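1. Prediction below, plus the sequence it came from.
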Amino acid sequence: GASWFQTQGERPAPDSSPRLMPALPLPSAYDASLMESGPGVDSASLELDSAYDEGTEELGSGTQAGSPCYSGFFGTCIACDTHGSCICADDSDGLSDFVLMDRTRWGEPRLLCTINSSTVDALNIIAMVMALVLIARIVRSLRVQRSTARECSVPSWKHKPLIALGFCFSGLLLSIAMHLLKLLDPGQILGVDPLPSAISFLRKCCFFVAFMVHNQHATQVAARTQEIILGRQEILRIIQRKERNLNLQALVGIFGALLPTTAATLSNNGFHTLKLQTTLFISSNAIGALCTAVAVYVGMSDLRFFKRWFNASIQASKDSYAIGAGGASRVQEAKRLRKGTILEQQSATLETVAQLERSRDSILAFGRRVTAATIALGLSYLVSAAVPFMWTHMSYVTPAQSIF
């Protein structure tokens, strides 16, 4: 007590007017009690000093200045500074994509430290490496398809496999640009800043277009095999119906991909409340989950459709060959004896059968891979929208989606 008086100077006269007692014993209350009681209050003064110190420590564990740390729906901050911003460790921050926890850019406190920056950097590097590997494979496929287009005397801009690969190539380049941007400037937030949001939107559009063009090509290849049986008009009608369905899927998917860009535009025009960001984030992922569910259903239906049509065409070609060879029994006998003399037209029929089987197997294998990837993507959208914990940890999910 004596040391406190020495630092404060001369004591003020006690005020005799009635007043309310503060919640914690302040120095003025301590001073007045000492003046009234005299020197025989050592134990009381120690108790007051202890109560004051404990109250100060309890307040300091919160914010050191009385502003409460965040404790709400998204979690609880353990320690924060004088402005109420959560204090993060060296390798952690609140730079979460879409639902931003570090809100200091708008003069608000950092609510939580939800992101481990080292882990996010590692995921972005892995995503970039995977994209580079896929680009190398696509470059080889582009060369093959360019040669195929020349052999078929088809302009490159009309050769659908070449177009689909070109959009995949562009989408992967945009993926690398987005992950590189996150590495160089972690403060660029998806759904908040325009640049990464625009890159993500363009990337998704490229993959949507590639998916549409590939499905159109696969439908045309499968349909041509049935043109003699069903007639040209019926085949055109089937192709047009499937193209309308693909266009509708793409439009819904592009609308869902546009929501983060919309959120970024709103954030840069003063509309950046936590509730609005969360609402747009959930809506975007819910639409993404719905689109992928529809895409999986349509994709599996298309696989059955392609398999049925290819098998029917293959069987028709085999029947034609059997008739030309003099009956199925002679064909079986020739296979058993491995005879090598086959008429020229029969050889052409066998080549047609082999081409149909290769086309069928290639389209079905690619379709199964795309369906599996779409299921994984749809599950990530669903979990991101349905699990609140994920809402503030999306900086991990975005590169993970690129990897898988």
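-> That came through, no problem. Numbering: from 1, shown residues only.

2. Give me the phi and psi for T76.
-> The phi and psi values for T76, taken as degrees, to the nearest 10, are phi -130, psi 130.

3. Tell me the pLDDT of the residue nearest to A373 when sequence neighbours are not counted.
-> If the residues on either side of it in the chain are set aside, A373 comes closest to F404, at 7.4 Å by CB to CB, 6 or more residues apart in numbering. (Glycine included, C-beta is placed from N, CA and C.) Here, the pLDDT recorded for F404 equals 75.

4. list the contacts for F404?
-> By CB atoms under 8 Å, 6 or more residues apart in numbering, the contact set of F404 is A373, A376, L377, S380.

5. The second one and R224: what is the separation?
-> A376 is 32 Å from R224, where distance means CB to CB, to the nearest Å.

6. same question, the last one
-> Relative to R224, S380 is positioned 36 Å away (CB to CB).

7. Which of those two has more residues huddled nearby?
-> Shown here are S380 and R224; by other CB atoms under 10 Å, S380 has more neighbours (20 against 14).

8. the longest helix in this protein is where?
-> Longest helix in the chain, counting residues (DSSP state H): helix 274-324.

9. Counting by contacts, list what that one packs against.
-> Helices and strands touching helix 274-324, by 3 or more CB pairs under 8 Å, 6 or more residues apart in numbering; DSSP states H and E, are helix 194-224, helix 232-267, helix 328-337, helix 344-386, helix 388-391.

10. excluding its backbone neighbours, what's nearest F305?
-> Leaving aside its chain neighbours, F305 sits nearest to A222 (7.0 Å; criterion: CB to CB, 6+ apart).

11. give me every residue that touches V133.
-> No contacts exist for V133 under CB under 8 Å, 6+ apart.

12. Which pLDDT value belongs to I138?
-> 94.

13. Provide the secondary structure category for it.
-> helix (DSSP: H, G, I helix; E, B strand; the rest coil).

14. Count the residues that sit near it.
-> So I138, with other CB under 10 Å, has 16 neighbours.

15. got it, and the one 3 residues further on?
-> Other residues within reach of S141, judged by other CB under 10 Å, total 15.

16. from here on, count from 139
-> Yep, numbering from 139; the last one is S279 now.

17. which residues touch the residue lying closest to it once chain neighbours are set aside?
-> Once flanking residues are discounted, S279 sits nearest to L303: 5.5 Å by CB to CB, 6+ apart. Neighbouring residues of L303 by CB under 8 Å, 6+ apart: I276, S279, L280, Q283, A348.

18. likewise A302?
-> Here A302 is in contact with A348, F349, V351, H352, H355 (CB under 8 Å, 6+ apart).

19. Mind doing that once more with 7 Å?
-> A348, V351, H352, H355 (CB atoms under 7 Å, 6 or more residues apart in numbering).

20. again, but for S230
-> S230 makes contact with C251, I253, N254, S255, according to CB under 7 Å, 6+ apart.

21. Could you tell me the model confidence score at the nearest residue to M528 once chain neighbours are set aside?
-> Nearest residue to M528, sequence neighbours excluded (CB to CB, 6+ apart): S522, at 4.8 Å. pLDDT recorded at S522 is 93.

22. Next, count neighbours for S522.
-> 24.
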